[in-house]
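Here's a sequence, model it:
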Amino acid sequence: MTHIDVGLVLRHSAKVPYADLVTRTTGAAVRECIERELSALHDGDVAFLDFSAIGMMDYSCADEVVAKLLMSPMSRHRDRGYVVFHGITDAHLEAIEDVLHHHGLALVVHFADGGARLVGAVNADERLVWDMVYAQGNSAATRLAEVAGREIEAMTQLLDVLHRRHLLRFDGASYSAPSLAQS
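Numbers count the residues shown, from 1 in each chain. Purely as a prediction, here's the structure:
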């Protein structure tokens, strides 16, 4: 597992004495440092981006640090690994969800209470299936289809969409939500 303390990255990359992600320039500097660390991911690795030390996050930084990080061509980690966001607060979520919806993106957030949630641009079926997988743990598509009362083909399509978007892991037999324990 790769652990990236975003507060530490902020202090070192932007050379600022505060813990707030504000201004597009600051966000770009933080994103570039994170991208360099993520470039070392291997197949199936989980990167843990820890926002616990971040106070405020404005929309421009949410766009730079979250959305552009997920879209970046330099950030090939999305082809190999999974990024899990941790330490996100309700104050961060407003800006993050806005930029995710704007760009058609989604991500997995692990909260301090141990729970996880899918945030961003997903439809109701995708959210329902992700929530099922998260609640069930490792589950085969056939089991999930049975639990949901859906046809296996429809369930497999939804699971594959979530897997391609790096919102679910697939080990060849079953699906699971990316988590820190699986890396």
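
Using CSV, write out every CA atom in stretch 170-178.
Output of stretch 170-178 as CSV, limited to C-alpha atoms (Å, rounded to 0.1, in the frame of the first residue of the first chain):
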residue,chain,number,x,y,z
PHE,A,170,-11.9,-7.9,-9.6
ASP,A,171,-9.7,-10.9,-8.9
GLY,A,172,-11.0,-13.1,-11.7
ALA,A,173,-13.7,-14.7,-9.6
SER,A,174,-15.2,-12.0,-7.3
TYR,A,175,-15.6,-8.3,-6.9
SER,A,176,-14.7,-6.2,-3.9
ALA,A,177,-14.5,-2.6,-3.0
PRO,A,178,-10.9,-1.2,-2.9
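
would you list every one of the strands in this structure?
Using DSSP state E, the strands found in the chain span residues 2-5, 46-50, 82-86, 106-110, 116-120, 169-170, 175-176.

Quick check: can you name the pairing partners of the third one and their directions?
Looking back up the chat, that one is strand 82-86. strand 46-50 (parallel), strand 106-110 (parallel) (DSSP bridges).

Those strands into TSV, with extra columns for mean pLDDT, mean neighbour count and distance to Ala67?
To be clear about C-beta, it is placed using only N, CA and C from the backbone, and glycine gets the same treatment. As requested, the strands paired with strand 82-86 are arranged in TSV below (pLDDT from 0 to 100; neighbours: other CB atoms under 10 Å; distance: least, CB to CB, whole Å):
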stretch	mean pLDDT	mean neighbour count	distance to Ala67
strand 46-50	90	21	13
strand 106-110	92	23	10
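
Distance to Leu167 for those strands - can I get that in TSV?
Output for the strands paired with strand 82-86, formatted as TSV (distance: least, CB to CB, whole Å):
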stretch	distance to Leu167
strand 46-50	13
strand 106-110	6
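
Show me which helix or strand of this structure is least confident by mean pLDDT.
In the chain, the helix or strand scored least confidently by mean pLDDT, DSSP states H and E is helix 77-80, which has a mean of 53.

CA-only coordinates of stretch 129-148, as PDB, when you get a sec.
The C-alpha trace of stretch 129-148 is given here as PDB (Å, rounded to 0.1, in the frame of the first residue of the first chain):
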ATOM      1  CA  VAL A 129     -24.400  -2.300  -6.800                       C
ATOM      2  CA  TRP A 130     -21.300  -0.700  -5.300                       C
ATOM      3  CA  ASP A 131     -23.100  -0.500  -1.900                       C
ATOM      4  CA  MET A 132     -24.000  -4.200  -2.200                       C
ATOM      5  CA  VAL A 133     -20.500  -5.200  -3.000                       C
ATOM      6  CA  TYR A 134     -19.100  -3.100  -0.100                       C
ATOM      7  CA  ALA A 135     -21.600  -4.700   2.300                       C
ATOM      8  CA  GLN A 136     -21.100  -8.200   1.100                       C
ATOM      9  CA  GLY A 137     -17.300  -8.200   0.800                       C
ATOM     10  CA  ASN A 138     -15.800 -10.400  -1.900                       C
ATOM     11  CA  SER A 139     -18.700 -11.600  -4.000                       C
ATOM     12  CA  ALA A 140     -19.200 -13.300  -7.300                       C
ATOM     13  CA  ALA A 141     -21.400 -11.700  -9.900                       C
ATOM     14  CA  THR A 142     -23.800 -14.700  -9.700                       C
ATOM     15  CA  ARG A 143     -24.300 -14.200  -5.900                       C
ATOM     16  CA  LEU A 144     -24.800 -10.400  -6.300                       C
ATOM     17  CA  ALA A 145     -27.300 -11.000  -9.100                       C
ATOM     18  CA  GLU A 146     -29.200 -13.400  -6.900                       C
ATOM     19  CA  VAL A 147     -29.200 -11.100  -3.900                       C
ATOM     20  CA  ALA A 148     -30.400  -8.200  -6.000                       C
END
